[in-house]
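Q: The following block contains a protein sequence and its predicted model.
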Amino acid sequence: MTTAVAAPFRFFALQVAGTRRLGPSLVRVTFTGPELSDFRSDGRDQSLSLFLPHPGQSEPVVPLEMGDSWWQGWRELPDDVRAVMRSYTLRALRADALGRTAEIDVDFVLHGVGAEAGPSAAAGPASRWAARAAVGDRVLLLGPAIADNRAIRFRPPEDTATVLMWADETALPAAAAVLETLPAGTRARVWVEVPHAGDVQELPTAADAEVTWCVREGAAAPEAPPSLDAVRRAVLPSPERAYVWIAGESGQVKQVRRHFVQERGVDRRRVTFVGYWRRGLTEEQLREQA
């Protein structure tokens, strides 16, 4: 049974329908389930919360029977029982013949998981889960029941002439989904950082988009984003009608935002920036600081 949670969001009980390795650092997991018929999203950088089981559990443990008090009940569960919660972005959704959502895709970054070997001790719980995900595995998703919802951050002003985007590997699924929504004739400049050359992928779009990839050759994300030099060298149009979207590691996001606002003169009200993760901290530690 599902529970309404702070509409327009609700829980969806889902199962893995399939997985596909996209490169050394990324795996796509496709989810399905009857409850998805009530899932609604306009896409773009739609944020989702996934609840994953611990090894040995058949399903994630979230006290849905507590109704709107589920969050407090979940926090009070023992660490080795409480479902692992992680934030992700919707990569794609597919509808059935009646127009109801039938499947969704979520791309996972495999921190600490090699292309051939299994998860290492450095891998986080979500990476370990995704690397071993199999058809039928059960998860809970807290997602939108209304298509235009506050968990979509990409919202360019109506007068936008140029879209400027920066993303690391954790924000690559969101950037790819955004590009797919841009209409023909839209000018876009995009910079993406990834750990390996094999992570570079085609990013379909009808927009007039130029994508610059920065490959770290397996190195961990440094404090200063290597692609920032490429951004600084780029010849860009007038900032008055630009819209900037930046997502990834919090410290790097701040540096890229500072460049566009202070060095390029983009109005800070036309800049969307989102820290998907923070160096040295788990998502649990970030929530404790919030």
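A: Thanks, I have the structure now.
Q: going forward, measure contacts between C-alpha atoms and count neighbours the same way
A: Will do.
Q: Residue 22: neighbour count?
A: Taking other C-alpha atoms under 10 Å as the neighbour definition, residue 22 ends up with a count of 16.
Q: and if you look at the one 10 residues further on?
A: Residue neighbour count, defined by other C-alpha under 10 Å, stands at 22 for residue 32.
Q: Do you know the pLDDT at the closest residue to it other than its chain neighbours?
A: Closest residue in space to residue 32, ignoring its immediate chain neighbours: residue 103 at 4.7 Å, by C-alpha to C-alpha, 6 or more residues apart in numbering. What the model reports as pLDDT for residue 103 is 98.
Q: Residue 19 versus residue 103, what's the distance?
A: Distance of residue 103 to residue 19, given as C-alpha to C-alpha, to the nearest Å: 12 Å.
Q: Now for these two: what residues contact both?
A: Shared contacts of residue 103 and residue 19, defined by C-alpha atoms under 8 Å, 6 or more residues apart in numbering, are found at residue 30.
Q: where does residue 205 sit relative to residue 177, distance-wise?
A: 9 Å.
Q: cool, residue 197 as well?
A: Counting by C-alpha to C-alpha, the gap from residue 197 to residue 177 is 20 Å.
Q: Which one of the two is surrounded by more residues?
A: residue 177 (21 against 16).
Q: you'd agree the more buried one is up against residue 44?
A: Yes - Residue 177 is in contact with residue 44 according to C-alpha atoms under 8 Å; the separation is 5.2 Å.
Q: okay, and the common contacts of these two?
A: Shared contacts of residue 177 and residue 44, counting by C-alpha under 8 Å, 6+ apart, come down to residue 90.
Q: Wasn't the residue nearest to residue 32 part of a helix?
A: No - assessed with DSSP: H, G, I helix; E, B strand; the rest coil, residue 103 is strand; it does not lie in a helix.
Q: Neighbours of it, how many?
A: Neighbours around residue 103, by other C-alpha under 10 Å: 22.
Q: do the one 4 residues further on as well
A: Around residue 107 sit 26 other residues, with neighbours defined as other C-alpha under 10 Å.
Q: Residue 93 too?
A: 20.
Q: any idea how far it is from residue 57?
A: With C-alpha to C-alpha as the criterion, residue 93 and residue 57 are 27 Å apart.
Q: what's the spacing between the spatially closest residue to residue 260 that is not a sequence neighbour and residue 138?
A: Distance criterion C-alpha to C-alpha, 6+ apart; nearest residue to residue 260, sequence neighbours excluded, is residue 266 at 5.7 Å. Between residue 266 and residue 138 the distance is 44 Å, computed by C-alpha to C-alpha.
Q: One more: residue 79?
A: Applying C-alpha to C-alpha to residue 79 and residue 138 gives a distance of 19 Å.
Q: Between the two, tell me which one has more neighbours.
A: Neighbours per residue, other C-alpha under 10 Å: of residue 79 and residue 138, the larger number sits with residue 138, 22 against 11.
Q: wait, what's in contact with that one?
A: 13, 14, 15, 16, 52, 53, 58, 59, 60.
Q: How about the closest residue to it other than its chain neighbours: which residues does it bridge to?
A: Closest residue to residue 138 apart from its sequence neighbours, by C-alpha to C-alpha, 6+ apart: residue 15 at 4.5 Å. Counting by DSSP bridges, residue 15 forms beta bridges with residue 32, residue 138.
Q: Just the pLDDT for residue 15.
A: 98.
Q: Verify the stated contact: it with residue 133.
A: No - between residue 15 and residue 133 there is no contact, the gap being 10.1 Å when judged by C-alpha under 8 Å.
Q: which of these two has more neighbours?
A: Neighbours were counted for residue 15 and for residue 133 using other C-alpha under 10 Å; residue 15 has more, 20 against 17.
Q: Residue 142 reaches residue 8, doesn't it?
A: No - if you go by C-alpha under 8 Å, residue 142 and residue 8 don't touch, sitting 10.3 Å apart.
Q: quick one, which of the two is more surrounded?
A: residue 142 (21 against 16).
Q: one step back: are any of the contacts of residue 138 buried, and which?
A: 13, 14, 15, 16, 52, 53, 59, 60 (16 or more other C-alpha atoms under 10 Å).
Q: Distance check, the fourth one against residue 132.
A: When you say that, I think you mean residue 16. 11 Å.
Q: What residues does the residue nearest to residue 32 make contact with?
A: Residue 103 neighbours (C-alpha under 8 Å, 6+ apart): 30, 31, 32, 33, 36, 93, 94, 95.
Q: Ok, residue 34 next?
A: Residue 34 touches 14, 102, counting by C-alpha under 8 Å, 6+ apart.
Q: Nothing else from me, thank you.
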